[in-house]
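**Student:** Need coordinates for the following:
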Amino acid sequence: MNGVSKNPEDAGKRRDSISSMGASTDSLRDKPESVEKFLTGLSHVQQPNRNLTIIAISSAESMNLIFPNWVRVCYRHGPYEYHPYDMNMPPKLVPRSPLHYKFDSPLTERGLIVAETYGRGLASHRIRPFEVFCSPDMKSVQTAAGLVKGLGLSFTTINIEPALIGYRQMLPSNYQEMLLSPRTFFGLGYPINTQYTPLQGIPVNETIEDYNLRIQEFFKKRIATIEQKYVIVVADNVMVDMTQNVNIETVDDILKSTKKPTCQMNFISSQPGDVHILDSPVMPLTKSLYVVKPFYWSEVPLKLSVPNHPELNQN
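**Tutor:** As a prediction, this is how the structure comes out:
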């Protein structure tokens, strides 16, 4: 892929251009003493003699984003009786505790379509990755699966990597128990590489600096050493921001990232002595002519936040 480097001053951000879940739950060892710029750190890694294009992408539209009260409403008749009330909701879900879905949301139907559409967009530019790495949360795994489906490649597999989860302190203490295992996803028909050995397990706790180091170390040890020409990494918007050298130093920085649009993409050229950001070759996708701000829906009464539910809107 012939990409054009972006202007380092774009968006007021400094962009450097420099020459299965059974793993231990301990934090990564041999950490650097301090967090360095993402691209600078990646450029210091000894890489194979090839030009690798890294595509970092955030997960697609989730149920929690569009329907903040969906768990409470869709499971009103029992803990395992899922009743969707909108065509943008999955018609069926894997039976599991509603509490697990509250913190591990699936994609909407539209989210699945958008993920597959982006996969076709990548395929149109002859991007043919052998591997897709993703966070173990359901929306990231489903986004990765949608991308693989859109790519239309029979040899592309998904590696579920716990090192890519979001900031640990913003997740429940028993978060690991809420996630589906790689083998469960494989049994549901997802193209999961069940032989993949994760770099690390889910950390018990961490600081924001630890979080930055965790993401950086994953890219240094698993992505920068890949010998193929393309690789895709799927997680949240914070991960994508990190790969663009955005400083993530406070919880407010994390929240600012999470409120950005879904399916954010960042293209990085990585070769020995030279790591830089590329312009995206994929055409933009206009998602809607109407701007919806679901972040405020949780603040309004239940009846107003679920306008299409027949039982809650009877006169």
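**Student:** so where's this structure uncertain?
**Tutor:** The chain contains residues with pLDDT under 70 at 1-36, 288-315.
**Student:** Now do the domain split for it, please.
**Tutor:** Following automatic domain parsing, one finds the domains of the chain at 18-62+107-278, 64-106.
**Student:** Would you tell me which one of those domains is buried the most?
**Tutor:** Among those, domain 18-62+107-278 has the highest mean neighbour count (mean count of other Cβ atoms under 10 Å), at a mean of 19. (C-beta placed from N, C-alpha, C; glycine too.)
**Student:** so how far is it from its chain's centroid?
**Tutor:** Centroid separation between domain 18-62+107-278 and its chain, computed with Cα atoms, centre = their mean, to the nearest Å, is 6 Å.
**Student:** With distance to residue 284 as new columns, can the domains of the chain be given to me in TSV?
**Tutor:** Below are the domains of the chain laid out as TSV (distance: least, Cβ to Cβ, whole Å):
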stretch	distance to residue 284
domain 18-62+107-278	10
domain 64-106	20
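**Student:** which stretches of the stretch 201-315 of the chain form helices?
**Tutor:** According to DSSP state H, counting those that start in this stretch, the stretch 201-315 of the chain carries its helices in the segments 208-218, 237-243, 251-258, 302-305.
**Student:** Let me know the secondary structure of residue 55.
**Tutor:** Following DSSP: H, G, I helix; E, B strand; the rest coil, we place residue 55 in the strand state.
**Student:** Bridged to it, which residues?
**Tutor:** Beta-bridge pairing of residue 55 under DSSP bridges involves residue 232, residue 267.
**Student:** related to what we said a few turns ago, how about the helices of the stretch 201-315 of the chain in CSV, adding distance to residue 120?
**Tutor:** Output for the helices of the stretch 201-315 of the chain, formatted as CSV (distance: least, Cβ to Cβ, whole Å):
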stretch, distance to residue 120
helix 208-218, 27
helix 237-243, 20
helix 251-258, 26
helix 302-305, 33
